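> Fold the following.
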Amino acid sequence: MKKKYDMLYRELKEQILSGEYRAGEKLPSKRVMADRTGYSTVTVATAYGRLEDEGYILPRERSGYYVCRIETGGTRGGEVPAVPLIRLPEDTAEPMGELEYSLWFKTVRKVISEQGSRLFVKAPGKGCAVLRNAIAEYLGRYRGMHADPRRIIIGSGSEQLYETAIKVLGRELTVGIESPCYGQIPTVYEGMGVSVCRLRMGSDGIEEEALLSGGFDVLHVTPFHSYPSGVTTSIAKRYDYLSWAEKAGRYIIEDDFDSEFFMPGQPIEALYSLDSSDSVIYLNTFSKSLSPAMRIGYMILPEALLPIYEEKLGDFSCSVPVMEQYVLAEFIASGSFERHLNRMRRQMRAKP
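Modelled structure (predicted):
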């Protein structure tokens, strides 16, 4: 139901737009308008205030309100035709994955209780220290990877991290990508104006001829279970990738998506762990390991690229909400994330 001041505002606006009240004409005083309309002077004052805020009338000291000149250009700024609100159908997608939601929500409650107002503080550009520390400790425990938390950058998913990598490396380059590969990889790069060189995949990774063909400055690879080929790069091929980077003084973007679910045994060694020349930009997300709704990922930059990151992107805000960062950090630090991964792996092994 419309409030009285809103009804009076709309009525007066229509009279101004229709010319009933002409430009320069003085409106009745608040008391006179109240007597004419039957509204209170407070209601009239509120309606006049709104008309003034929107530029329909102008007050003059000790004189009253006067109608402004409004050039509509043949269009009318009056009532918007009423149209029925169209409601979207409810989302019907089923939850993916086997995350124990009760445990996750228990973690949420714990974080809210313990962190309080800290959850409303703006996050540092690279992400909250609590999450960067938790990821570094997890990688050391579970993956045998040494990760300096100062070099960890938090982002909202793999696509954003691809963009971040290019912003650091520069757009005047060509990225070599696996062919075939996950469709968003070339889409993101080409959308940023970066040239893409497609490198044919063999049974153990990118074919040697394609790798040595030249024509690209950065190599983007998904060593574990590359999509859609399903190829996992052999250890020999991994060293070929690293040799290419070391000899040319170039960088590899290692997209380690899905690696936590390597079967059998522990996850295979990442290029990042094998790298002795600090030439691997490591990327991973929690979309597969926890849930597609978990739009949180991370990047580990080589030491030499940190100053460039700070120069180009140091003033940008982190795109992941602080509360989500704290909850995920607690989920990892408590051991719940690793227990979740182990439970998922047992279920995968049990499947025929």
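
> what pairs with residue 201 across the strands?
residue 206 (DSSP bridges).

> could you list every residue that touches it?
By CB atoms under 8 Å, 6 or more residues apart in numbering, the residues touching residue 201 are 178-180, 207, 226, 229, 231. Where you see a C-beta, it was placed from the backbone N, CA and C, and this is true even at glycine.

> one more time with 7 Å, if that's ok
178-180, 226, 229, 231 (CB atoms under 7 Å, 6 or more residues apart in numbering).

> Just among those, which is most surrounded?
residue 178 (25 neighbours; other CB atoms under 10 Å).

> May I have the beta-bridge partners of it?
Going by DSSP bridges, residue 178 forms beta bridges with residue 199.

> my guess is it meets residue 221, correct?
Yes. The pair residue 178 and residue 221 passes the contact test of CB atoms under 7 Å, sitting 6.2 Å apart.

> circling back: okay, among the contacts of residue 201, which ones form the most distant pair?
With CB to CB as the measure, no two of the contacts of residue 201 lie farther apart than 179 and 231, at 11.4 Å.

> And the strands in this protein?
Remark: strands assigned in the chain by DSSP state E are 57-60, 64-67, 152-155, 174-179, 195-200, 218-221, 251-255, 280-285, 297-300.

> Those strands: which one's closest to residue 272?
strand 280-285 (4.1 Å).

> show me the contacts for residue 308.
Residue 308 makes contact with residue 168, according to CB under 7 Å, 6+ apart.

> quick one: it and residue 204, what's the gap?
33 Å (CB to CB, to the nearest Å).

> what's the answer for residue 301, then?
Taking CB to CB, one finds residue 301 at 28 Å from residue 204.

> More neighbours: which of these two?
Neighbours were counted for residue 301 and for residue 204 using other CB under 10 Å; residue 301 has more, 23 against 15.

> so that one sits right up against residue 281, yeah?
Yes. Residue 301 lies in contact with residue 281 (CB under 7 Å); the separation is 6.1 Å.

> now the helix or strand bottoming out on mean pLDDT in the chain: how far from the chain's centre is it?
Every helix and strand in the chain was compared by mean pLDDT, DSSP states H and E; the lowest is helix 336-350, with a mean of 81. Relative to its chain's centre, helix 336-350 lies at 27 Å (CA atoms, centre = their mean, to the nearest Å).

> buried residues in it?
Along helix 336-350, these residues count as buried under the neighbour rule (16 or more other CB atoms under 10 Å): 336-337, 340-341, 344-345.

> Farthest pair within those?
336 and 345, at 15.0 Å, using CB to CB across these.

> For the spatially most central residue of the chain, give me the pLDDT.
Here the mean C-alpha position of the chain is nearest to the C-alpha of residue 156 (CA atoms, centre = their mean), at a distance of 3.8 Å. In this prediction, residue 156 carries a pLDDT score of 91.

> can you pull the contacts of it?
295-296, 319-320.

> follow-up on the earlier one: of the contacts of residue 201, closest to residue 86?
Nearest to residue 86 out of the contacts of residue 201 is residue 180 (CB to CB; 39.3 Å).

> pretty sure the closest one contacts residue 229?
Yes. Shown here, residue 180 and residue 229 form a contact pair, counting by CB under 7 Å, at 5.9 Å.
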